[in-house]
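A.B. asks: After the sequence you'll find the predicted model.
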Amino acid sequence: MMTPAEIEALFSRADGSYAFARWGRPIAPIVFGVEDETLKTVKGALEAVVTLAGHQMTETDPELGANLMLFFFRDWDELLEVPDLGRLIPDLDPLVARLKQADASQYRAFRFDDQGGIQACFAFLRMSGDMARLPAETLALTQAVQAVLTWGDSAFAETSPLAVLPDTGATILRPEIAGVIAAAYDRMMPVAAADSSHALRLFARLQAPVTPPTDDAAPTTH
């Protein structure tokens, strides 16, 4: 069981501030740069995590068409060739330059609505090095987890949100992280929070009796 301090750390920024947000609308995903088989894996992982959260997915967002966009590519410069991407991501050219200089493997940008809830998410993954060697199932489930909430800067820097079952080799979402996601989407919880007391409310919900997880409740990949 996670402590309140550990939960708070999941949503803390480098400057010590607390910043939490969940989706305030159904998620309409679109994936670029993958084969059909990988596309099924990515969408399956998204569906599993969204189901765990008790949230909804949809085919189309009325404002943006797609509000969760995942881009898979080999080189950051490829982003500069994507039509109209500069309208979605401000200052795209200098951003790409910074990511190249940092040799970054991924970048994620969020938009928020008037209530502070997530309105859109844009995830960019450079498929080279260690990132390219990850199994598709692991990559997909990790991205689904990271898109469903605004985690802190170092939330998963030392410990992955996933675990591997020794008996079957299946990759699963760690139960404590699954619990935090489910608690965050409790209908009595706010869509956004900037005070660390929110972590105490999440902790309180994790103390409530829970039903043992089923395949639907604990996202798993094989």
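C.D. replies: Here it is on my side, so go on.
A.B. asks: use CA for all of it now, contacts and neighbours both
C.D. replies: OK.
A.B. asks: Which stretches in this protein count as helices?
C.D. replies: Secondary structure of the chain (DSSP state H): helices at 4-10, 36-53, 85-88, 92-101, 130-133, 136-148, 175-184, 197-207.
A.B. asks: Report the buried residues of the fourth one.
C.D. replies: This means helix 92-101. Of all the residues in helix 92-101, those buried under the rule 16 or more other C-alpha atoms under 10 Å are residue 96.
A.B. asks: Which residues does it contact?
C.D. replies: If you take C-alpha atoms under 8 Å, 6 or more residues apart in numbering as the criterion, helix 92-101 is touched by 76-77, 79-80, 85-86.
A.B. asks: Turn the residues you listed into TSV, including neighbour count.
C.D. replies: Compiled in TSV, the contacts of helix 92-101 are given as follows (neighbours: other C-alpha atoms under 10 Å):
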residue	neighbour count
76	23
77	14
79	18
80	13
85	12
86	14
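A.B. asks: and which of these is nearest to residue 188?
C.D. replies: Distances from residue 188 to the contacts of helix 92-101, taken as C-alpha to C-alpha, are shortest for residue 85 (35.9 Å).
A.B. asks: quick one on the thing from earlier: will you turn the helices of the chain into JSON lines that also has mean pLDDT?
C.D. replies: What follows is these, written out as JSON lines (pLDDT from 0 to 100):
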{"stretch": "helix 4-10", "mean pLDDT": "96"}
{"stretch": "helix 36-53", "mean pLDDT": "93"}
{"stretch": "helix 85-88", "mean pLDDT": "90"}
{"stretch": "helix 92-101", "mean pLDDT": "96"}
{"stretch": "helix 130-133", "mean pLDDT": "87"}
{"stretch": "helix 136-148", "mean pLDDT": "94"}
{"stretch": "helix 175-184", "mean pLDDT": "96"}
{"stretch": "helix 197-207", "mean pLDDT": "94"}
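A.B. asks: No further queries at this time; thank you.
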